[in-house]
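*Asks:* Turn this into a structure:
(chains A, B, C and D)
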Amino acid sequence: MIQDKERKREVIVKRVAQELKDGNLVNLGIGMPTLVANYIPEGVDILLQSENGYVGIGPGPEAGKEDKDIVNAGGQPSTVVPGAAFFDSSMSFTIIRGGHLDITVLGALQVDQLGNLANWMVPGKMVPGMGGAMDLVVGAKKVIISMEHTAKGEAKILKKCTLPLTAVGVVDMIITEMCVIEVTKDGLLVTELAPETTKEEVSAATEADLIFAEDLKVMNV
Amino acid sequence: MIQDKERKREVIVKRVAQELKDGNLVNLGIGMPTLVANYIPEGVDILLQSENGYVGIGPGPEAGKEDKDIVNAGGQPSTVVPGAAFFDSSMSFTIIRGGHLDITVLGALQVDQLGNLANWMVPGKMVPGMGGAMDLVVGAKKVIISMEHTAKGEAKILKKCTLPLTAVGVVDMIITEMCVIEVTKDGLLVTELAPETTKEEVSAATEADLIFAEDLKVMNV
Amino acid sequence: MKKIKTIDEAMEYIKDGMTIAFGGFMGVGTPEKLVDAILAKGVKDLTIICNDTAFPHNGVGKLVVNKRVKKCIVSHVGTNPETGRQMNAGEMEVELVPQGTLIERIRSAGAGLGGVLTPTGIGTVVEEGKQKLNIQGKDYLLELPLKADVAMLQGSIVDKKGNVYYSKATRNFNPIIATAADLVIVQAEKLVEAGEIDPSDVMTPSVFVNIIVDGRE
Amino acid sequence: MKKIKTIDEAMEYIKDGMTIAFGGFMGVGTPEKLVDAILAKGVKDLTIICNDTAFPHNGVGKLVVNKRVKKCIVSHVGTNPETGRQMNAGEMEVELVPQGTLIERIRSAGAGLGGVLTPTGIGTVVEEGKQKLNIQGKDYLLELPLKADVAMLQGSIVDKKGNVYYSKATRNFNPIIATAADLVIVQAEKLVEAGEIDPSDVMTPSVFVNIIVDGRE
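*Replies:* Have a look, this model is predicted:
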């Protein structure tokens, strides 16, 4: 079982990056998902979308070379690649909600075995708002949750979410530092385990019912 | 009563032009309404809208100087004035249906005393389609019908339209070569008569009930 | 992701009976070479979505005249007498849709919305068979989303990634139909390298475009 | 039609209790000088419509921090801790709307539509109190149009007729809120003569703009 915080993060984003295919249009959520951009496989040409109104996010700008008119959806300075396009927010969500986004990668507070997702509020405590998340998970062709498997020892992958939902039955895949899980009609199917990680450890860290694939693999990270 | 075809048309479009106020955004329908542009009063700066996607229609181009990428809503070569703007059809109808158009001027097959309009089909005969007309009359702040008072001697201003409607209760004003009519909650109020035209002539050419204004004026054409 | 294909390669995707949306208004903004290729290939029984049926000699008007159209969904047919003739003779079905409703129905399909709530058409034959909703005291028609198998665009400038710029009044339906089809083909009047169109000037982002055909071929 | 006014003249139209929509995303694209003028004038009890409440030091974030806001209608407040504090303390009402729904509600008001039919929010607290429609086998929420008394835009280039061009990612909500307010004020970063913006590059046509304020003042 991986214990190092940095290594956990690396395992997650490296594995998520392997899901991105040539030609995909992808939205990477604020925080850890953003790091996926650093691990896109050689020869895979993807386009990154930013909710605030463009496709073709480039690398972060050098210090002192920021363009005040280009920020990402987190409000941080950004750049664009050749072939990028800017548009207004209604076009941005036409892309998102209209089924034109291949993959959205975002974090979660809780996910459950029906594919339900909770990631936008903890009543009475933290209410950042849903931003574009509700549209992203309803509209994207594939929804990947990338997160640490547990939070302070508490399970986040549950039989049933207890926090207010972001959407119902939308999650396709969960990638953590312990395993890769596909959400199927039969339930949560663990298809890969992280290096140095056992089925027993995954089960112990998960409240939801898990099915382990017959051809269970080791994550290539 | 004016008999000359050319003079009738001149009376109508000259009088319609007087309704256009400085700063107005105006849509002129295909055919006779288009001619209104030639009579806009001195000092009145209006902007003309074209359904196919721009504001700022200019005069027709000189022969040989047509731009293949600029036509009006009738498909005829057109130009734009400085300060014009092109946009797509969804923005065009945001302007039209969203209440951003001050005046729409269009012809009619029939109008009735409830302000109903029929101008898009004659069943079994002529079915050109409604084009943008249904949106224009529902969305514009003021709907002016400009037309000859009768068609081959048949009344066009009726108690109740008999042809399929374009919209219900939308007409604000009717301008013909005989008179100016305002559609009020009490019915059709004749506010101006054309030169050389009598109340009796107007009544005889109209099937609808008419109210003649106490301060009935003569059209300044 | 190589999107550039020859017209012949692009036409391999076009089959009898398909629903094809075309950009253009009275033919201006319609990809004439793609229309000609449909005629040349002999494709028939099409359902076409377009603002109008243009004139007999241009745009989708040519498809009507050559009897390739089973049904057209348009706002206006007055400039093409052959449309009216086939409609009255029962040779072609014509669904007339108010222009603002037509573009918004296409947009709603492209934007993942359930339809359009419009005041246009209330109290007319347009409302027949449709659900009416009273919202905040006013009546609206529920008009359903309209999607095509294929959208055919005319782009004035297109880059090799598929970003499109439309010149002047050629824009019209083009950027909207690009969002609402399974396959989007653009005929490029001018083809440039990625990055040559200023990102702020792009009117259809490359993400919507599947196939680019060089219109100067 | 002289639309150019000083900021002071423009502020004469702004009263306590108004609903004001602001362009901008995390403050980028928000007209900061108009925000500052609201602060300077002492206007309060505002309802604001914006994508988010920005950061405490920029955009509409400053209005929140200075307690000028009675209610905000936004999709996200996480970057401005003061919003969360006032919300939890019951000092300010916060209506959280999914971002795609928010922009579409504003658009529907501007476009004369009866509302939006969206799948977003189905099965969540967002659907509480709202009408649900099943269309072609899928559930949609009916979300109502959202209109402001005043819209405040930041235009990168504005001509004297009121045509607006937005640079890069500053566009965001600006062109949409411009369609859905009784009074539209644009802060021009650069002011040019009519005709200097290519008509195809205009992102908000002049017809929507009532007042132009020179942002270099």
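
*Asks:* From B:Leu48, how far out is A:Glu19?
*Replies:* Going from A:Glu19 to B:Leu48 by C-beta to C-beta, to the nearest Å gives 52 Å. (C-beta placed from N, C-alpha, C; glycine too.)

*Asks:* ok, now A:Val202?
*Replies:* A:Val202 is 68 Å from B:Leu48, by C-beta to C-beta.

*Asks:* Neighbour count: those two, which is higher?
*Replies:* B:Leu48 (24 against 21; other C-beta atoms under 10 Å in any protein chain shown).

*Asks:* now the helix or strand encompassing the more buried one: mean pLDDT?
*Replies:* Per DSSP states H and E: B:Leu48 is located in strand B:47-50. If you average the pLDDT over strand B:47-50, you get 97.

*Asks:* Mind listing what's buried along stretch C:175-184?
*Replies:* Under the neighbour-count criterion of 16 or more other C-beta atoms under 10 Å in any protein chain shown, stretch C:175-184 has C:175-181, C:183-184 buried.

*Asks:* do the longest helix belonging to chain C and chain D meet at all?
*Replies:* For chain C, the helix that runs over the most residues, judged by DSSP state H, is helix C:99-110. Yes - under the criterion of C-beta under 8 Å from any C-beta of the partner chain, chain D is reached by helix C:99-110 at C:104, C:108.

*Asks:* Give me the sheet partners of the helix or strand that that helix is followed by and which way each runs.
*Replies:* As assigned by DSSP H and E, the chain's next helix or strand after helix C:99-110 is strand C:116-118. Using DSSP bridges, the strands paired with strand C:116-118 are strand C:138-143 (antiparallel).

*Asks:* orientation of the partner strand relative to helix C:99-110 in degrees?
*Replies:* 60 degrees (axes from the mean of the first three to the mean of the last three C-alpha atoms, to 10 degrees).

*Asks:* got the buried residues for strand C:138-143?
*Replies:* By neighbour count on 16+ other C-beta under 10 Å, the buried set for strand C:138-143 is C:140-143.

*Asks:* Could you dump the residues you listed into a markdown table and include pLDDT?
*Replies:* Converted to a markdown table, the buried residues of strand C:138-143 look like this (pLDDT from 0 to 100):
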| residue | pLDDT |
| --- | --- |
| C:Tyr140 | 98 |
| C:Leu141 | 98 |
| C:Leu142 | 98 |
| C:Glu143 | 98 |
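
*Asks:* Contact partners for C:Lys104?
*Replies:* Actually, residue C:104 is Glu rather than Lys. B:90, B:93, C:116, C:118, C:143, D:111, D:113 (C-beta atoms under 8 Å, 6 or more residues apart in numbering or on different chains).

*Asks:* Just give the nearest non-adjacent residue to the second one, would you?
*Replies:* Right, the one you point to is B:Phe93. With sequence-adjacent residues excluded and distances taken as C-beta to C-beta, 6 or more residues apart in numbering or on different chains, B:Phe93 is closest to C:Gly100, at 3.4 Å.

*Asks:* Does the one you found touch C:Thr120 like I think?
*Replies:* Yes - between C:Gly100 and C:Thr120 there is a contact at 5.8 Å, judged by C-beta atoms under 8 Å.

*Asks:* Now do the shared contacts for the two.
*Replies:* Counting by C-beta under 8 Å, 6+ apart, the residues touching both C:Gly100 and C:Thr120 are B:97, B:134-135, B:139.
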